[in-house]
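Q: Dropping a prediction and its sequence here:
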2 protein chains.
Amino acid sequence: MKLFDNAVSGNCHKVRLMLSILGVDYKTVPVNLLEKQQKTPEHLARHPLGKVPALEDGDLTIWDSQAILVYLGGKFGSPDWWPADAAGQAQVTQWLAFAVNEMFAGPAIARALLKFKRDGDLAGAQALAQAALAVLDDRLSDNDWLALGRPTIADIACYPYAGLVWEGDVALEPYGAVRAWLERVEALPGYVGMEGLPHG
Amino acid sequence: MKLFDNAVSGNCHKVRLMLSILGVDYKTVPVNLLEKQQKTPEHLARHPLGKVPALEDGDLTIWDSQAILVYLGGKFGSPDWWPADAAGQAQVTQWLAFAVNEMFAGPAIARALLKFKRDGDLAGAQALAQAALAVLDDRLSDNDWLALGRPTIADIACYPYAGLVWEGDVALEPYGAVRAWLERVEALPGYVGMEGLPHG
């Protein structure tokens, strides 16, 4: 299995974290985003949006970090990490959608603007980040995990950009339930960090 | 089964379309967005983001239109509409993520800005819409359907905001493969339209 990867991408970290927790062997192929390697014809054939990560497993290539989590959870970690029933899958998918939109538009963009010195609406992204953290905090006040009362790919999908939000100059202080959940994720057997996250 | 619904929402249309194709009986509960009924405590208990749609089935409530499609496809339409294997689910999930982000940030936002006279960056949203349509068109040039060579919830998730993109003043003319695919969706047994779509 081959992961087309970038070391500072939170979306790539989700996949590395899941692979590590599941104990799956894989090779990393670094994609240099500054050199626009993600926009080469070879990479666009793997990922039509020209982004990372993408995962190759034999003849199959999966793009989008949430889809890769579904694949890994279903192939190696079912039914614990990705359940087999429609109701369970739907409850996890809610938070995959939240990871695609709310966790990206707020936390990931605020971080990218500051860390990678990109142009954009920092105050707007920070406000969206706070709104996303408030939703997570509310959910996690009564629940140790986002879905199904146990760690699932929903938690893995939402974790990196929550843990990295401080790099977007958004404080985690007001979100005690989020901070406790981050620590629960970081205590999972097989947890790996990255720059900006514990043990990075 | 109860759908908390809004007649002009493309995300709600996805769910109505899937329910109709699958022949599932349900009741509609209209949510008046102008009156902010989506932000009442009752509705926030169903949908933590204060949006539509949400689906109630007995004790279970699912929010997010993609998650609802997973639920309906898994419960009533598996394995045709939502496959049972990890590889198939991952290939469909790629396009669910595309529906959450690319189809919303471009086509849905351009439409909302014009149709509902909201403030925002119309030219930016139209450019994102064209980029999203180009990705769809490329995919659909060699494939009748977005995933697995057959209609799945991936098509249902991406359909409404593609079909409604003209309301955002984005022309479908250059995207012949998208237009042919829209017609294939509209020919599916059980197809229902809405204002702005065929038979609406």
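A: Nice, thanks for sending it over.
Q: In CSV, list the C-alpha atoms belonging to stretch A:169-185.
A: Below are the C-alpha coordinates for stretch A:169-185, written out as CSV (Å, rounded to 0.1, in the frame of the first residue of the first chain):
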residue,chain,number,x,y,z
ASP,A,169,-4.0,31.5,16.5
VAL,A,170,-7.3,30.1,17.8
ALA,A,171,-7.2,29.2,21.5
LEU,A,172,-8.5,25.8,22.7
GLU,A,173,-8.9,27.2,26.3
PRO,A,174,-12.7,27.7,26.1
TYR,A,175,-13.3,24.2,24.8
GLY,A,176,-12.6,21.9,27.7
ALA,A,177,-14.5,18.9,26.3
VAL,A,178,-12.5,19.2,23.0
ARG,A,179,-9.2,19.3,25.0
ALA,A,180,-10.2,16.2,26.9
TRP,A,181,-11.1,14.4,23.7
LEU,A,182,-7.8,15.4,22.0
GLU,A,183,-6.1,13.7,25.0
ARG,A,184,-8.2,10.6,24.6
VAL,A,185,-7.2,10.4,20.9
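Q: what's it in contact with?
A: With Cβ atoms under 8 Å, 6 or more residues apart in numbering or on different chains as the test, stretch A:169-185 has contacts from A:107, A:110, A:114, A:122, A:126, A:129-130, A:133-134, A:136-141, A:144-145, A:151, A:155-156, A:159, A:162-163, A:165-166, A:191. For the C-beta atoms, the positions are set from N, CA and C on the backbone; glycine is no exception.
Q: With stretch A:118-133 instead?
A: Outside stretch A:118-133, the residues touching it (Cβ under 8 Å, 6+ apart) are A:98, A:102-103, A:105-107, A:109-110, A:112-114, A:162, A:165, A:168-170, A:172, A:174-175, A:178.
Q: Are any of those residues buried, and if so which?
A: Among the contacts of stretch A:118-133, those buried by neighbour count (16 or more other Cβ atoms under 10 Å in any protein chain shown) are A:98, A:102-103, A:105-107, A:109-110, A:112-114, A:162, A:165, A:168, A:170, A:175, A:178.
Q: Show me which residues of chain A are close to chain B?
A: On the criterion Cβ under 8 Å from any Cβ of the partner chain, chain B has as its neighbours in chain A the residues A:48-49, A:60, A:62-64, A:66-68, A:70-75, A:78, A:82, A:84-87, A:89-91, A:93-94, A:96-98, A:100-102, A:104, A:135, A:138-139.
Q: The same query, at a cut-off of 7 Å, please.
A: Residues of chain A lying close to chain B by Cβ under 7 Å from any Cβ of the partner chain are A:48-49, A:60, A:62-64, A:66-68, A:70-71, A:74-75, A:86-87, A:89-90, A:93-94, A:97, A:100-101, A:135, A:138-139.
Q: For residue A:81, which non-adjacent residue is closest in space?
A: Residue nearest to residue A:81 in three dimensions, not counting chain neighbours: residue A:73, with 4.0 Å by Cβ to Cβ, 6 or more residues apart in numbering or on different chains.
Q: my bad, should have said residue A:161
A: residue A:107 (4.0 Å).
Q: Residue A:63 now?
A: The nearest residue in space to residue A:63 (Cβ to Cβ, 6+ apart) is residue A:47, at 3.8 Å.
Q: How many neighbouring residues does that neighbour have?
A: Residue A:47: 21 surrounding residues under other Cβ atoms under 10 Å in any protein chain shown.
Q: try residue A:24
A: For residue A:24, using other Cβ under 10 Å, the count is 14.
Q: still on that earlier bit, of the contacts of stretch A:118-133, which belong to helices?
A: Using DSSP state H, the members of the contacts of stretch A:118-133 that fall in helices are A:98, A:102-103, A:109-110, A:112-114, A:162, A:178.
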